[in-house]
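A.B. asks: structure for the following, please:
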Amino acid sequence: MTVEWPDRRADVINGLDTLASTPPALHADQRDPRWPDLKNAIHWVVDDTWWDHQDPADYVGLILHDEDEAAALRAVVELVVRVSDRQGPSATDAMWFADPDWSEVRQRALFASRLMRDNDAR
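C.D. replies: Numbering: from 1, shown residues only. Predicted structure coming up:
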């Protein structure tokens, strides 16, 4: 199955890769120096997709290949939103990376990214 929005899919995969990666050495202002950085990764996976308000399953055929991908993204977004609610809008990246759920965010993002890449390779 192909998707209608492959560029948006690529952004989601890039965002997942950033979320899954080892937190970087931070700038003096405690912000992520990479590109894509944490802020953009969260935008690509959560804000730009509206998956914090809509079920990712609604995007099968648009951004996602199937319900398995939707379930994986649902799990990532749920946890990112939980961390966001706990940390608040003015939290530094360092605070996000220190959150008790951050290691689980990384694991879920890695699983979702691998699943999406595997599906793309088929």
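
A.B. asks: contacts and neighbour counts: CA atoms only from here.
C.D. replies: Fine.

A.B. asks: how far is stretch 80-91 from where the chain is centred?
C.D. replies: The chain centroid and the centroid of stretch 80-91 are separated by 14 Å under Cα atoms, centre = their mean, to the nearest Å.

A.B. asks: that stretch - what's its average pLDDT?
C.D. replies: Stretch 80-91 carries an average pLDDT of 94.

A.B. asks: ok, which stretches of this protein are helices?
C.D. replies: For the chain, applying DSSP state H gives helices covering 6-20, 38-42, 67-87, 93-98, 102-121.

A.B. asks: and the nearest residue to Ser84 once chain neighbours are set aside, what's its pLDDT?
C.D. replies: Using Cα to Cα, 6 or more residues apart in numbering and skipping residues adjacent in sequence, the residue nearest Ser84 is Trp96, 7.9 Å away. Per-residue pLDDT puts Trp96 at 94.

A.B. asks: same deal with Met1?
C.D. replies: Listed pLDDT for Met1 reads 66.

A.B. asks: before we move on, the earlier item: could I get the helices of the chain as CSV with mean neighbour count and distance to Ala28?
C.D. replies: Output for the helices of the chain, formatted as CSV (neighbours: other Cα atoms under 10 Å; distance: least, Cα to Cα, whole Å):
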stretch, mean neighbour count, distance to Ala28
helix 6-20, 21, 20
helix 38-42, 19, 15
helix 67-87, 18, 19
helix 93-98, 18, 11
helix 102-121, 18, 21
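
A.B. asks: wait, which of those is closest to Gln54?
C.D. replies: Across the helices of the chain, Gln54 has its closest neighbour in helix 67-87 (9.5 Å, Cα to Cα).

A.B. asks: cool, thanks, signing off.
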